[in-house]
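Chemist: give me the fold of what follows.
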Amino acid sequence: QMQLVQSGGGLVQAGESLRLSCAASGGLFYRYDMAWFRQPPGKEREFVAAIIWMGGSTSYADSVSGRFTISRDNAKNMGYLQMNDLKPEDTAVYYCAAGNSGTTSDDSMYDTWGQGTQVTVSS
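Modeler: Next up, the predicted model:
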C-alpha cells in the first residue's frame, strides 16, 4: 500500500513563494497520476493541480494557473507543488493525492492521500 508524506508549507506574506513536497513510499509511484487539492478554512476541499504518471500533461484550477506549478520526479518518488505570488486566498490545508484517472479534478478518483500541510498567507 503506497503512502504519501508531505513536507513544506508554513506562514508567508502575500507575494512570496513556497514549495510543497510529497514523498511516496511502499508503491510504484511512477504508475500513478498525482494531484494537489486544498481545503480553505470553513470551505470544501478543492482541486489545485494534477499531473499524469509520466509527467507530460498537467491541469490547473483557474485560480492558480500561471502562479503554481506541479511537477514530479519519478526517480526520487517525489511530487512537488511550486507556489509563487501567493495570495491570502491561497490559505488552506494542502493535500497531495495519487490515483489512476489522468488529471481529473474529481477528488473521489484519488485513493491515496497525504496527511495535509498548512499554508497560511498573510496580507
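
Chemist: how about the one helix or strand residue 22 maps to: buried residues?
Modeler: For residue 22, the enclosing helix or strand under DSSP states H and E is strand 18-25. In terms of neighbour count (16 or more other Cβ atoms under 10 Å), strand 18-25 has its buried residues at 18, 20-24. Where you see a C-beta, it was placed from the backbone N, CA and C, and this is true even at glycine.

Chemist: leaving out chain neighbours, which residue sits closest to the residue most central in space within the chain?
Modeler: Closest to where the C-alpha atoms of the chain average out (Cα atoms, centre = their mean) is residue 36, at 2.4 Å. Ranked by Cβ to Cβ, 6 or more residues apart in numbering and with sequence neighbours excluded, the top spatial neighbour of residue 36 is residue 48, at 4.3 Å.

Chemist: any chance you could map the strands in the protein?
Modeler: 3-7, 10-13, 18-25, 33-39, 46-51, 58-60, 68-73, 78-83, 92-99, 110-113, 117-122 (DSSP state E).

Chemist: now do the contacts for the residue nearest to the centre of the chain.
Modeler: Contact partners of residue 36, counting by Cβ atoms under 8 Å, 6 or more residues apart in numbering, are 20, 22, 48-50, 70, 79, 81, 94-97.

Chemist: try 10 Å
Modeler: 6, 20, 22, 47-51, 60-61, 64, 68, 70, 79-81, 83, 94-97, 114 (Cβ atoms under 10 Å, 6 or more residues apart in numbering).

Chemist: isn't residue 17 right next to residue 87, touching?
Modeler: No - Residue 17 is not in contact with residue 87 according to Cβ atoms under 10 Å; the separation is 11.8 Å.
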